[in-house]
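In: Below is the structure, and that's it, no one-letter string:
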């Protein structure tokens, strides 16, 4: 009866009930009162247009006074009366006594196998002994009603030994295998961090006009810059980087040596009479002494 779930139709619920040895149909919601119906009440719902309504809508039908459930306490010997149960973990056949004490979930036969299991029922999460030995009973403090409705999800568990991350994988509705994925998640976060570092570096290279290329082997040519990329001792490849050549800025021209300013000839000083006589020479002195001029000498 694995196909009978809270998402099944009321018509399918009725057909399954007629095909079983059960006398009553019972729906155990995650929260709220247990709803017990006999075959006549299910037939009534089908005939009044609720055949395609889902089993999980029964609490709304009851609140609208469309039907009035059966009180299991009014039935004699409930421990001997068989009933078909539907809850979020699936369906099963048990005695009507279970409807009087629905808080304890219906555990599968393999519940005590040496594998960590968790079961979600009526907003409560229960784990088997194997899971309790591995993770402690802190998991049972989780609100089962707040667990994601996915086949796989991760929950955070804070305890005396620090934070742990527990992975849930659905085996069947409401029943999961659980596993500690703290180390894997920590590694994933580490990888994410270094990936972000690498992207930031690449963006900086591109912003400066550089180009990069991922290679499986070192690039040829000594002029190509590259980096060897490893992760936890394993070679992942090489990163070749080609940066634009920097344009050389011409050095400022040195000022040409200026020709020294020619020394100005100092103004002649007044020549002393003794110096003049020396420059004239003895012949000129003889002429001057005779009363002759330069013009007379030339003639």
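Out: Arrived safely, thanks for sending. Just so we're clear, the structure is a prediction, and the values are computed from it rather than from any experiment.
In: sec struct for residue 209, please.
Out: coil (DSSP: H, G, I helix; E, B strand; the rest coil).
In: so where is the stretch 101-250 of the chain shaky, pLDDT-wise?
Out: Scanning the stretch 101-250 of the chain for pLDDT under 70 picks out 160-161, 221-223, 247-250.
In: where do the strands sit along it?
Out: In the stretch 101-250 of the chain, the strands defined using DSSP state E, counting those that start in this stretch lie at 117-121, 124-127, 152-159, 162-172, 175-180, 211-215, 225-231, 234-242.
In: Buried deepest among these, which one?
Out: The highest average neighbour count among these, using mean count of other Cβ atoms under 10 Å, belongs to strand 117-121 at a mean of 22. No exception for glycine: its C-beta is placed from N, CA and C like everyone else's.
In: could the strands of the stretch 101-250 of the chain be laid out in TSV, adding distance to residue 28?
Out: What follows is the strands of the stretch 101-250 of the chain, written out as TSV (distance: least, Cβ to Cβ, whole Å):
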stretch	distance to residue 28
strand 117-121	8
strand 124-127	12
strand 152-159	23
strand 162-172	16
strand 175-180	15
strand 211-215	57
strand 225-231	50
strand 234-242	52
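In: who wins for proximity to residue 187 among these?
Out: Nearest to residue 187 among the strands of the stretch 101-250 of the chain is strand 225-231; the distance by Cβ to Cβ comes to 10.3 Å.
In: List the strands paired with that closest one, with their directions.
Out: Using DSSP bridges, the strands paired with strand 225-231 are strand 234-242 (antiparallel).
In: Compute the inter-axis angle for the partner strand and strand 211-215.
Out: Between the axes of strand 234-242 and strand 211-215, defined by axes from the mean of the first three to the mean of the last three Cα atoms, to 10 degrees, the angle is 150 degrees.
In: please renumber so the chain begins at 36
Out: OK, 36 is where the count begins now, so the last one is strand 269-277.
In: Residue 123 contacts residue 210, doesn't it?
Out: No. The criterion here is Cβ atoms under 8 Å, and residue 123 misses it with residue 210 at 9.8 Å.
In: Common neighbours of these two, please.
Out: Counting by Cβ atoms under 8 Å, 6 or more residues apart in numbering, the common neighbours of residue 123 and residue 210 are residue 155.
In: the helices in this structure, which residues?
Out: Using DSSP state H, the helices assigned to the chain run over residues 45-53, 74-80, 93-98, 132-135, 164-170, 217-242, 308-315, 317-325, 329-333.
In: I'd like the average pLDDT over the fourth one.
Out: Predicted confidence along helix 132-135 averages 86 (mean pLDDT).
In: Could you give the bridge partners of residue 187?
Out: residue 204.
In: for it, what are its contacts?
Out: Contacts for residue 187 (Cβ under 8 Å, 6+ apart) come out as 202, 203, 204, 205.
In: so the third one touches residue 210, yeah?
Out: Right, the one you point to is residue 204. No. Applying Cβ under 8 Å, one finds residue 204 not in contact with residue 210, separated by 10.2 Å.
In: so what's the closest residue to residue 161 other than its chain neighbours up against?
Out: Spatially, and ignoring its direct neighbours in sequence, residue 161 is nearest to residue 154 (5.0 Å; Cβ to Cβ, 6 or more residues apart in numbering). Applying Cβ under 8 Å, 6+ apart to residue 154 gives the contacts 124, 140, 142, 146, 160, 161, 162, 209, 210, 211.
In: Repeat the analysis, applying 6 Å as the threshold.
Out: By Cβ atoms under 6 Å, 6 or more residues apart in numbering, the contact set of residue 154 is 140, 161, 209, 210.
In: May I have the beta-bridge partners of it?
Out: Note on residue 154: beta-bridge partners residue 161, residue 210, judged by DSSP bridges.
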